[in-house]
Every structure is written in C-alpha cells, then in structure tokens.
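*Asks:* Sequence isn't available, so here's the structure alone:
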C-alpha cells in the first residue's frame, strides 16, 4: 500500500471520528441510574462502555457500600429468583441510544423558529386545503384562521405586554366527513411539528393505558426531541368524544371524566414532564419538561347521537298550538349539528371546564351524493386518479362515465360511513378488472358504466387500435 493511500485512510478515519464526536456533542448525557439529563444534575462521571452517572447517584452508591447496606460479595454468590446482577459489559446494550435530549448551545443567538413575515395567510392555507378536501367551507375557513393566529401568536409572543390567548379548536362531524383528513392535509402545508393522536387509549394516571402526557411526548418525537420546537407545535386529538362521562355506571370512570380533568392544564398551558422516546414513564426513559402554553390543540370527534340531543332540545323549545313545529321537523335536517350549543355537549358528557378551554367550536356537514361524486374525481389524490395511475402502469386507460360515478355515490350513501365507503365500493368492483387486465396485452381502455355498478351489465373494454363511438367518458 502506498504512503498516499495510508494518509487518505487516516484522514477518512479522523473525519468519521470527528463527525461522530460532533453528532454526539449535539446531545446531552443522561444518568444511567436516575435518567436525569446533564442540565439538571450537573457534570456527569463517565464510566466504561459510554455509561454516565450523576454525582448524586454515585455518592448514594458509595454511602450504601460504606454503611454496609450492600454486600456485593454475598449477592454474587446468592441465587435469588427474579434478581439479576448487572454486568458492566452488558450495560452498553441497555443504553437507549434514540432516547436522547438535544443539547441547547450556549452563546448562540436565539433565532425565532417562525418568522411573522413568512406566515401563510388564511386564504392561502384554505386554498391548499381546497386542493384535497371537497366541501366543508366553514370548517376549512375556521381552521385556516385559527392556525394563522397561532403562527402570529407564537411569532409575536414577546412583542409587548398584551398577551394573545390560545385558540384551541373542537371539530364535530359525522364519521367519514373529513376531520382527520383535514388535519393530515394541514400537516403537509405547515412547517411546525404536528402530532396526530387519539383519545381512546387515554386513561387516568395509575391505570393501564396511555397517560395524558403521552399526547405531548408524541409531539416531542415529531419535533426530533427538540423541546423548543415542540413547544410551538400543533396536537390533533381524534375521537375526543370517547372520553365523555359514562352514564349509568357503577364502576370507576378511568377513561372518561377523569381524563377530561387531567387535560385541563394541558390545554390551558403548563409545564409537563414527558418521557423522551416513549409513551409512558418508566425507570429506563429520560424525562424532560415541555411547556404547553404555545401548543395549539385541535380536538375532533363524531359525537354519535349528539343530533338526538339537539333535536330533543329544539323540540322542547317549540310552542304548542296551531303554529307549533312538528316533532319530525328536524328528522331529515342535514345541518342539525350546526345548531349545537355548549349545553348539548354537556348533556353528551363533556365537562364545562373542558369545553371552556376549547373556545372555537365548528361542525362538518354530512356528505351528500353530489359531494361524494366530487370526492371521487376532483381532489389531487382522488380515488379514481389513483386507480387510473395503477392501470396506466399497465398501459391501460381507465374511464368512469358520469352514471357510474352517481351509482357509486348512491351505494356509498346507503352504507352511511361517509367518504370511507367510496373506497370499499370501488375496491369491490375493480377487483375482477385489476385481476383480468394484466392477462391480456391487447386491452387498451376500460370504461366503467352505471350498468356494471348496478349489476345489470359489464364494463366496456376497448382493444388497442380500436374505437368505440358513442361512449360518454368523463
């Protein structure tokens, strides 16, 4: 080997070592025993295999040994069931490498994460949402304004003595109306950490299930364990109606009212100790403190049977006599959820303190047949466009005529599961087509008709080089 090659290897090795060292310098050490970071404990004592121990834990160990409380010679010779003596060589495997906290650099100028001049205006946010979500104009407008104000609130946090209050949101809408999809689309647009979680697994502290702080730990993970970045993020809690007060139960309500009470300070703004890299606190996971003052919370839920509570209230308010409203007046009212009040939500099982911390309440309309047709073909990633792309890879053109689209939408309306039903119906009718087309290389175009969807005919198939006049394709 030449001298030049040796020098190159040495330089490459030094560069890798230096790069690894710089990467490690970005993170602070964590005590192997008490799991506290170096910023809390002070200077750490480094042991072999990359283990660090804080001065307090090291002193306690020495005190226990000197006072005779621990006799290691006896422990090594005893075979106690369920007790395993730690070997220093094995400790390296137990160090959680991913569960590290980013170190804050000293002497560096603190730059704001959000520049108020680059905050997207509400109409731009709504314009991006329009590309993917059909209808729900009021919901998109309310969400765009709330997110825009959140950006401005965070950017101007220390401008003057006027403190802008947080505008947490509550979305109410039937299943399949686009609540989660709206937030997921928002996640593509925003440049702040966004965590999507659900309330079904949340329980009161001390019970099996996720602690309330786990929603913040998911946001911390989305921010790459950067506390400062996480403190300016957005959390979407889905299925919020599942933590309503349980009625007519004699058992302890560990996943209902108690969870709402536990979330009060979280929504308002407080310092919360959350585990880094895990959903629950345990001895092997480091903890860090996150302030939720600047975190925007968006809660969403289907609230089943809420429409019945609203109807009952509206019927009671109607007068008696010739000019009275009929009892079935609101039975077929598609916009019944828009008449929701705080009183209705309290009757559903949400406590007033919880509702008071969600000042912006807006509803999503149930989908009509016309909206279903639009969902099929208009959004950027519409279901029809996905199938057209799949068949285009086999060099086959796929078309749906207008009658077929309305037939699919009609079947989806009967299932009463919102936009999710569209995918299930198309999967069913496209199964045979997706199976048969790769067999025959001569097929050039497939047109899905109303007759095929209704079961009275089949799809129109056109071979390459042929033309079928009179077929209305859209």
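*Replies:* It's in. In this text the structure is predicted, and so the values were computed from the model without any measurement. Residues are numbered from 1 along each chain as shown.

*Asks:* average pLDDT across whichever helix or strand residue 149 is part of?
*Replies:* Assessed by DSSP states H and E, residue 149 sits inside helix 137-155. Taken as a whole, helix 137-155 carries a mean pLDDT of 86.

*Asks:* which helices and strands sit right next to that helix?
*Replies:* Here helix 137-155 touches helix 122-132, strand 169-172, helix 179-189, strand 296-301, strand 360-363, going by 3 or more CB pairs under 8 Å, 6 or more residues apart in numbering; DSSP states H and E. Every C-beta, even on glycine, is put in place using the N, C-alpha and C of the backbone.

*Asks:* of the ones you listed, which approaches residue 448 most closely?
*Replies:* Of all the helices and strands packed on helix 137-155, it is helix 122-132 that lies closest to residue 448, at 23.4 Å by CB to CB.

*Asks:* Please identify which of the helices and strands packed on helix 137-155 is closest to residue 372.
*Replies:* Between residue 372 and the helices and strands packed on helix 137-155, the tightest spacing by CB to CB is seen for helix 179-189, at 14.3 Å.

*Asks:* which parts of that closest one are buried?
*Replies:* Residues of helix 179-189 classed as buried: 179, 180, 181, 182, 183, 185, 186, 187, 189 (neighbour count, 16 or more other CB atoms under 10 Å).

*Asks:* If you count contacts, what does it end up packed against?
*Replies:* On a contact count with 3+ CB pairs under 8 Å, 6+ apart, helix 179-189 meets helix 122-132, helix 137-155, strand 194-198, strand 234-238, strand 296-301.

*Asks:* and those as TSV, adding distance to residue 316 and mean neighbour count?
*Replies:* Formatted as TSV, the helices and strands packed on helix 179-189 follow (distance: least, CB to CB, whole Å; neighbours: other CB atoms under 10 Å):
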stretch	distance to residue 316	mean neighbour count
helix 122-132	37	17
helix 137-155	27	20
strand 194-198	34	20
strand 234-238	32	23
strand 296-301	25	24
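
*Asks:* can you list these in JSON lines and add distance to residue 289?
*Replies:* Putting the helices and strands packed on helix 179-189 into JSON lines (distance: least, CB to CB, whole Å) gives the following:
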{"stretch": "helix 122-132", "distance to residue 289": "31"}
{"stretch": "helix 137-155", "distance to residue 289": "18"}
{"stretch": "strand 194-198", "distance to residue 289": "17"}
{"stretch": "strand 234-238", "distance to residue 289": "17"}
{"stretch": "strand 296-301", "distance to residue 289": "18"}
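
*Asks:* quick one: which of those is nearest residue 286?
*Replies:* That would be, of those and by CB to CB, strand 194-198, which comes in at 19.0 Å.

*Asks:* average model confidence for that closest one?
*Replies:* For strand 194-198, mean pLDDT rounds to 87.

*Asks:* repeat for stretch 40-57
*Replies:* In this model, stretch 40-57 has a mean pLDDT of 80.

*Asks:* got the end-to-end distance for that stretch?
*Replies:* Distance between the boundary residues of stretch 40-57 (CA to CA, to the nearest Å) amounts to 13 Å.

*Asks:* Buried residues in it, which are they?
*Replies:* Residues 41, 44, 51, 52, 53, 54, 57 are the ones in stretch 40-57 that count as buried (16+ other CB under 10 Å).

*Asks:* Just the ones of the residues you listed in helices?
*Replies:* Applying DSSP state H to the buried residues of stretch 40-57, the entries found in helices are 41, 57.

*Asks:* which two from the buried residues of stretch 40-57 end up farthest apart in space?
*Replies:* Using CB to CB, those reach their maximum pairwise distance at 41 and 51, which is 14.1 Å.

*Asks:* Now do the contacts for the closest residue in space to residue 209 that isn't next to it in sequence.
*Replies:* Excluding its sequence neighbours, the residue lying closest to residue 209 (CB to CB, 6 or more residues apart in numbering) is residue 203, at 3.3 Å. Taking CB atoms under 8 Å, 6 or more residues apart in numbering, we find residue 203 in contact with 209, 210, 211, 254, 255, 259.

*Asks:* swap the cut-off to 6 Å and go again
*Replies:* Contact analysis of residue 203 by CB atoms under 6 Å, 6 or more residues apart in numbering lists 209, 254, 255.

*Asks:* Reformat the residues you listed as CSV; add pLDDT, neighbour count and secondary structure.
*Replies:* Output for those, formatted as CSV (pLDDT from 0 to 100; neighbours: other CB atoms under 10 Å; DSSP: H, G, I helix; E, B strand; the rest coil):
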residue, pLDDT, neighbour count, secondary structure
209, 73, 17, coil
254, 76, 17, coil
255, 75, 19, coil
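
*Asks:* out of the helices and strands packed on helix 179-189, nearest to residue 426?
*Replies:* Of all these, helix 122-132 comes closest under CB to CB, at 18.1 Å.

*Asks:* now for that closest one, which elements pack on it?
*Replies:* Applying 3 or more CB pairs under 6 Å, 6 or more residues apart in numbering; DSSP states H and E, we find helix 122-132 packed against helix 137-155, helix 179-189.

*Asks:* Including distance to residue 355, could these go into CSV?
*Replies:* CSV is the format used below for the helices and strands packed on helix 122-132 (distance: least, CB to CB, whole Å):
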stretch, distance to residue 355
helix 137-155, 16
helix 179-189, 18
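
*Asks:* can you give me how far stretch 343-355 is from the chain middle?
*Replies:* Distance of stretch 343-355 from the chain centroid (CA atoms, centre = their mean, to the nearest Å) equals 24 Å.

*Asks:* Now tell me what touches it from outside.
*Replies:* Against stretch 343-355 from outside (CB under 6 Å, 6+ apart): 244, 245, 260, 264, 306, 309, 310, 342.

*Asks:* Over to stretch 358-377?
*Replies:* Stretch 358-377 is touched from outside by 134-136, 139, 142, 146, 167-170, 172-174, 177, 334, 337-338, 383-384, 405, 409, 412-413, 418-419, with contacts defined as CB under 6 Å, 6+ apart.

*Asks:* Now with 7 Å, please.
*Replies:* If you take CB atoms under 7 Å, 6 or more residues apart in numbering as the criterion, stretch 358-377 is touched by 134-136, 138-139, 142, 146, 167-174, 176-179, 299, 334-335, 337-338, 340, 382-384, 405-406, 408-410, 412-413, 418-419, 422.

*Asks:* what about that stretch, how long is it end to end?
*Replies:* By CA to CA, the extent of stretch 358-377 from end to end equals 35 Å.

*Asks:* Ramachandran angles for residue 274?
*Replies:* Dihedral pair for residue 274: phi -120, psi 150, per degrees, to the nearest 10.

*Asks:* where does it land on pLDDT?
*Replies:* Note for residue 274: predicted pLDDT of 84.

*Asks:* quick one: low-confidence parts of the stretch 151-300 of the chain?
*Replies:* Residues of the stretch 151-300 of the chain meeting the criterion pLDDT under 70: 157-161, 248-251, 278-284.
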